[in-house]
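Enquirer: structure for this input, please:
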Amino acid sequence: MRAIRVATNGGPEVLELGEVELGEPGPGQLLVDVAAAGVNFIDTYQRSGIYSMELPFTPGSEGAGAVAAVGPDVDGFAVGDRVAWAMAPGSYAEKALVPAASAVKVPDGVDDRTAAAAMLQGMTAHYLITSTHEVSTGETALVHAAAGGMGLLLTQLIKHKGANVIGTVSTDEKERLARAAGADEIIRYTDADVAAEVRDLTDGRGVDVVYDGVGRTTFDASLASLRPRGTLALFGASSGPVPPFDPQRLNSGGSLFLTRPSLGHHLLSRDELDWRAGEVFGWITSGTIDFRIGGTYSLDEARRAHEDLEGRRTTGKLLIVP
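Expert: Below is the predicted model of the structure:
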């Protein structure tokens with residue numbers, strides 16, 4: 001089968017398309033014909049070596065497709081089932097060996113591309129608004145990169161919870177998308193002092209929670225935008241990791257809470273996976289959220305997908321379609 005391989009860490013140029021022998025599914029595994037694979041910043045971290053991976057490897061930790069074969073000791077799945085997964089490597093390929101423990105069945109009414117787009121970002125948005133900080137009616141959240149895949153999801157779900165959203169974007173088109181998703185206020189982070197604008201928009205109080213997937217370039221503004229005892233959920237680092245800082249800043253800022261959560265720590269049991277994925281698919285079928293597919297790429301365009309993502313030239317979710 002054809003698959004993308006990373007033999008050495010580096011930039012997008014290390015993504016090489018080649019032929020790979022996959023083999024039959026082992027115990028607890030499903031062999032899946034990949035219909036679509038999600039492109040996420042974690043893929044770029046693994047490719048570059050920020051997150052260590054044993055080389056060589058096939059990137060892509062999220063996807064959807066049809067089960068082609070079922071390995072030993074697997075219950076609840078059969079050949080032909082439509083499934084989706086996250087936190088399972090090897091999705092930039094025509095076929096993938098997926099742990100059955102990481103797979104969920106895709107319900108009728110959700111197409112394969114939406115299912116592939118929904119798993120990692122959808123369940124990340126789910127834990128951020130339910131577990132990291134349970135969003136309540138009347139609260140105000142600051143969402144960085146509000147027109148990105150995660151930003152659009154968070155904005156829709158925060159509004160669904162009855163809270164207000166202040167989003168940061170960089171262009172007119174991204175502002176249009178963020179407002180269409182429900183953002184109440186928009187700050188152009190390239191032209192304004194974000195923290196000062198937040199204070200103006202909240203009558204000096206600050207926001208209850210900041211959802212920050214950008215990292216280094218937004219961290220200071222995120223802390224400065226919070227109300228006393230507010231929460232900064234730093235769930236990504238698209239601009240680079242945050243440098244070491246003095247925890248006393250959390251005290252002087254108002255006894256602030258800072259967390260660096262990850263999806264893996266919010267999928268610690270089968271029940272938790274089924275709960276989060278089930279609610280995400282429920283939101284899709286009910287029309288509560290709309291997954292914007294911002295771009296689709298073939299396997300031989302994987303390099304360009306990473307370049308576009310890291311260059312912030314995209315909105316919504318990116319997919320590789322083998």
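
Enquirer: SS state for the residue most central in space within the chain?
Expert: With the centre of the chain defined as its mean C-alpha position, the nearest residue by CA atoms, centre = their mean is Gln121, 3.1 Å away. Applying DSSP: H, G, I helix; E, B strand; the rest coil to Gln121 yields a three-state assignment of helix.

Enquirer: enumerate every residue touching it.
Expert: Gly38, Asn40, Gly149, Met150, Leu153, Lys317 (CB atoms under 8 Å, 6 or more residues apart in numbering). For every residue, glycine as well, the C-beta is placed using N, CA and C.

Enquirer: go with 7 Å
Expert: Gly149, Met150, Leu153, Lys317 (CB atoms under 7 Å, 6 or more residues apart in numbering).

Enquirer: same deal with Thr44?
Expert: His306, Leu309, Glu310.

Enquirer: just Gly295 next, same as before
Expert: By CB under 7 Å, 6+ apart, Gly295 lies in contact with Asp308, Thr314, Leu318.

Enquirer: again, 10 Å this time
Expert: Counting by CB atoms under 10 Å, 6 or more residues apart in numbering, Gly295 makes contact with 39, 301, 304-305, 308-309, 313-320.

Enquirer: closest to Asp290 out of these?
Expert: For the contacts of Gly295, the minimum distance to Asp290 (CB to CB) is 9.6 Å, reached by Gly316.

Enquirer: what's the burial count for that closest one?
Expert: 21 (other CB atoms under 10 Å).

Enquirer: that one and Gln156 touch, don't they?
Expert: No. Taking contacts as CB atoms under 10 Å, Gly316 lies outside contact range of Gln156: 11.9 Å.

Enquirer: overlap in contacts, those two.
Expert: Common contact partners of Gly316 and Gln156 (CB under 10 Å, 6+ apart): Ala181, Asp290, Phe291, Arg292.

Enquirer: just the buried residues of those residues.
Expert: Ala181, Phe291, Arg292 (16 or more other CB atoms under 10 Å).

Enquirer: using JSON lines, lay out these together with distance to Gly63, secondary structure and pLDDT.
Expert: Supplementary listing: those in JSON lines, determined by distance: CB to CB, whole Å; DSSP: H, G, I helix; E, B strand; the rest coil; pLDDT from 0 to 100:
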{"residue": "Ala181", "distance to Gly63": "24", "secondary structure": "coil", "pLDDT": "96"}
{"residue": "Phe291", "distance to Gly63": "14", "secondary structure": "coil", "pLDDT": "84"}
{"residue": "Arg292", "distance to Gly63": "18", "secondary structure": "coil", "pLDDT": "85"}
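
Enquirer: hmm, back to that, of the contacts of Thr44 - the most surrounded one?
Expert: Of all the contacts of Thr44, His306 has the most neighbours under the rule other CB under 10 Å, reaching 24 neighbours.

Enquirer: on the three-state scheme, Ser131 is what?
Expert: Under three-state DSSP, Ser131 comes out as helix.

Enquirer: where's Asn164 relative to Val98, distance?
Expert: Taking CB to CB, to the nearest Å as the measure, Asn164 falls 39 Å from Val98.

Enquirer: more neighbours, these two?
Expert: Shown here are Asn164 and Val98; by other CB under 10 Å, Val98 has more neighbours (27 against 20).
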